[in-house]
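Chemist: Give me a model of this one.
(one chain, ligands or ions: 1)
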Amino acid sequence: MAERLDKPIGLTAKPTRSQEFYDNVKRKFAEERDLRLKYRPQGLSQYTYDLTGALAKYEVDTYAEAVTPREPINDTVECLFIGGGFSALLTSARLREVGVESIRIVERGGDVGGTWYWNRYPGVACDVVSYDYLPLLDELDYVPKDHYAGGPEIFAHCQAIAKKYNLYELATFQTTVTSTVWDEAEQMWHVATDRGDHMRARFVICANGILTKPKLAKIKGLETFKGHSFHTSRWDYAYTKPDLSGLEDKVVGIIGTGATAVQAVPGLGAAAKELYVFQRTPSSIDIRDDWPTDPNWARKLEPGWQARRRERARMEPRMTEEQKARHAATSPEEKIRRQENANIEAMMKIHQRIDQIVKDKATAEALKPWYMLMCKRPCFHNDYLPTFNRPNVHLIDTHGKGINEITEKGPVFEGKQYEVDVLIYATGFEVQRTGTYNQIKGVNGLDINDKYREGVRTLLGIQSQGYPNLFVMGGLQASFQFNFTDIAEAQGNYIAACIDYVRRHGYQSLDVTPQAEEWWVQEVIEHRGKTSFNQECTPGYYNFEGEFQRRQDGNYNGGFFQYCNHLNEVRARMDAHFAFTNKPLTSE
Ligand code: NDP
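Modeler: Below is the predicted model of the structure:
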């Protein structure tokens, strides 16, 4: 275990050096970014998302029993969720509260849990404080065991939610939706699956997460490797053994050093005969201050404690009158400069920590990230950096180039062959294609991808005109939060309110008006151009690998507080934002 060196660095480091220093660091950041963009001008298409044919094995569910044949399902439900992770679980809970009985989760995996079903690699845990991350703690009367929760506890919590809200009854697992088609005459969605099902649903909620589909780098010769290999989200415990003792006599290679690898590497380093870590860009590694939940604190929690905690997190930061005056008197350029300097200072502390921990100087240098804080997912771990002091662990730094060739023996870099028994791909996931890869056809049979060809168009990133009764969670044009369940909860509450409104008024469906959609697209555009932060960042999935996006194709950048205000505004004036079919049977 690493010693605790300091408090987490966070975003509040104070700039204390000359502006020349910060400008020089920014220049180095730009050089490092340009190097990577030069190596990979192809952006997102450097990866393959089509895991079929020779690559199909990388997507096989290693956690479930083999799929057993079943009769196709041919029925009608009121609400159908595509995906069974936190988005679906949270929203289902809210729907139950407003009296919706007929809820079906259709899930590719063998259980609920989403990310926490798939990601079971050794060391898997969440970096967001557990009391904020795990949803529905009030409702389940549960207090997490530690300040940060591990993967198994989170997965168990998902199952507990599904049990409490009786979501297993209608759920279909090991089932992938293949098409979702709106029938205007019936005012129903027709949902087809790879199991031959033909389900009908009044409401469809695409809750398939933001990082769902594993991706692989397009590396020459990848499929020729003769050893064992798998993706981190399909961990092969039959090969490694649950305690990783299966690796004792194995040479292991891991490609990628993102948040997943940072958690997996310490366990691999301790277990493997030899471990090669193939790095393209280092992650920033801060301290992970964890502790067991204090039972006295837990005992004193009053009912509704988590809801109040979330409410506080959603509140706009309060400023004194003096702070407000100072803020108003500072130019936008000066504000950006100060924030950048503070971020650089934080990154320098990350560098300092590496120098303090990693003994080999060349390795320490190679582990230093040269980009602005938050350009990539910041990581927190106490054992990752010390792992590189182990004699059996070798960092193969490719300085931005990456591994571009694999032979039957293993990866090759700059002419050197690295022979490995097993190769683990920690190369991440397809990002935010949520809801758009299941072939969704709305009014007049228009495929949502065709509608979006000229630019994404939504209301609040959740609904799109021409797709009545369809909701997308965690999609483009929505706010993006470090704590994913904050956004899932805000969207889930909103979706349940929309469905409740339709039901209470005896309508069949609601569809966004063109004016409401246009309003939101313009809101997104207005807030996107405020800073050039994304373009200046080193490529990664946060900025779509440096691809220059249309201004409306990313997230809403007006802030989570403002996003929640907009959700509430729309909820308060449904009639101004939606067209409804059928006259109301009841009036309020
Ligand atoms: P990422 O997309 O973050 O990382 C992929 C890694 O693969 C990068 O380091 C990338 O390098 C590297 N890579 C890709 N191609 C090559 C190549 N040819 N040669 C060498 N390296 C290559 O995926 P992760 O699964 O790590 O994380 C995804 C997200 O999941 C996180 O950002 C986070 O949101 C979430 N997560 C959260 C955790 C937490 O709470 N702690 C833990 C795990 C995941 P480059 O950087 O140069 O692109």
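Chemist: and the stretch 1-150 of the chain, which of its residues are near the ligand?
Modeler: If contact is defined as CB under 6 Å from any ligand atom, the residues of the stretch 1-150 of the chain in contact with the ligand are Cys126, Asp127. In short, each C-beta sits where N, CA and C put it, glycine included.
Chemist: Residue of the stretch 1-150 of the chain closest to the ligand, please.
Modeler: Closest to the ligand within the stretch 1-150 of the chain is Asp127: 3.7 Å, counting by CB to the nearest ligand atom.
Chemist: Is it correct that that residue falls within a helix?
Modeler: No. Read with DSSP: H, G, I helix; E, B strand; the rest coil, Asp127 is coil and lies in no helix.
Chemist: and the gap between the residue nearest to it when sequence neighbours are not counted and Pro122?
Modeler: What sits nearest to Asp127 in space, not counting adjacent residues and going by CB to CB, 6 or more residues apart in numbering, is Phe380, at 5.1 Å. Applying CB to CB, to the nearest Å, the value for Phe380 to Pro122 is 17 Å.
Chemist: interface residues of the stretch 151-300 of the chain facing the ligand?
Modeler: When proximity is defined by CB under 6 Å from any ligand atom, the stretch 151-300 of the chain lies next to the ligand at 211, 217, 219, 255-261, 263, 278, 280-281.
Chemist: Repeat the analysis, applying 8 Å as the threshold.
Modeler: The interface of the stretch 151-300 of the chain toward the ligand, taken as CB under 8 Å from any ligand atom, is made up of 211, 215, 217, 219, 232-233, 255-263, 278-281, 283.
Chemist: In strands only, show me those residues.
Modeler: Secondary structure of those is defined by DSSP state E; positions in strands are Leu211, Ala217, Ile255, Phe278, Gln279.
Chemist: and the fourth one, what are its bridge partners?
Modeler: Phe278 has these beta-bridge partners by DSSP bridges: Ile255, Ile396.
Chemist: May I ask you to name the longest helix in this structure?
Modeler: Scanning the chain for the helix with the most residues, using DSSP state H, yields helix 332-357.
Chemist: can you give me how far that one is from the chain middle?
Modeler: Mean-position distance between helix 332-357 and its chain equals 25 Å (CA atoms, centre = their mean, to the nearest Å).
Chemist: What helices and strands are in contact with the helix-or-strand element of the chain with minimal mean pLDDT?
Modeler: In the chain, no helix or strand scores lower on mean pLDDT, DSSP states H and E than helix 533-536, which sits at a mean of 79. Packing partners of helix 533-536 (3 or more CB pairs under 8 Å, 6 or more residues apart in numbering; DSSP states H and E): helix 19-39.
Chemist: next helix or strand past the helix it packs on?
Modeler: strand 47-48 (DSSP states H and E).
Chemist: Okay, now the sheet partners of that next one, with direction.
Modeler: Using DSSP bridges, strand 47-48 pairs in its sheet with strand 216-217 (antiparallel).
Chemist: How far off centre is the strand it pairs with?
Modeler: The gap between where strand 216-217 is centred and where its chain is centred comes out at 18 Å by CA atoms, centre = their mean.
Chemist: Need the mean per-residue confidence for it.
Modeler: Model confidence over strand 216-217, given as mean pLDDT, is 96.
Chemist: Excluding its own residues, what touches that strand? List them.
Modeler: Residues from elsewhere that reach strand 216-217, judged by CB atoms under 8 Å, 6 or more residues apart in numbering: 46-48, 51, 55, 58, 222, 231, 255, 402-403, 425, 427.
Chemist: Most widely separated two among the residues you listed?
Modeler: When these are compared pair by pair using CB to CB, the farthest-apart members prove to be Leu51 and Gly402, with a separation of 19.1 Å.
Chemist: the more surrounded of the two?
Modeler: Neighbours around Leu51 and Gly402, counted as other CB atoms under 10 Å, are more numerous at Gly402. The numbers are 21 against 18.
Chemist: The more buried one contacts Arg280, correct?
Modeler: Yes. Gly402 lies in contact with Arg280 (CB atoms under 8 Å); the separation is 4.1 Å.
Chemist: what ranges do the strands span in the stretch 101-250 of the chain?
Modeler: For the stretch 101-250 of the chain, applying DSSP state E, counting those that start in this stretch gives strands covering 103-106, 177-183, 188-193, 198-206, 211-214, 216-217, 228-231.
Chemist: make that the stretch 301-450 of the chain, sorry
Modeler: 379-380, 393-397, 405-406, 411-413, 416-417, 422-425, 429-431, 440-441.
Chemist: Can you tell me the strand partners of the first one and which way each runs?
Modeler: Next to strand 379-380 in the sheet, as set by DSSP bridges, lie strand 285-286 (parallel).
Chemist: Can you name the element that comes right after the partner strand?
Modeler: Read in the C-terminal direction, the helix or strand following strand 285-286 is helix 295-300, with elements assigned using DSSP H and E.
Chemist: Output that next one as CSV - backbone C-alpha positions only.
Modeler: Only the C-alpha atoms of helix 295-300 are listed here, as CSV (Å, rounded to 0.1, in the frame of the first residue of the first chain):
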residue,chain,number,x,y,z
PRO,A,295,-21.0,3.8,12.0
ASN,A,296,-21.8,6.7,14.3
TRP,A,297,-22.2,9.0,11.3
ALA,A,298,-24.4,6.4,9.6
ARG,A,299,-26.6,5.9,12.7
LYS,A,300,-27.3,9.6,12.9
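Chemist: what's the distance between the residue of the stretch 301-450 of the chain found nearest the ligand and Leu373?
Modeler: Ranked by CB to the nearest ligand atom, the top residue of the stretch 301-450 of the chain for proximity to the ligand is Gly428, at 2.5 Å. Computed as CB to CB, the Gly428 to Leu373 distance reads 20 Å.
Chemist: tally of neighbours for Glu59?
Modeler: Neighbouring residues of Glu59 were enumerated by other CB under 10 Å; the total is 16.
Chemist: Cool, thanks, signing off.
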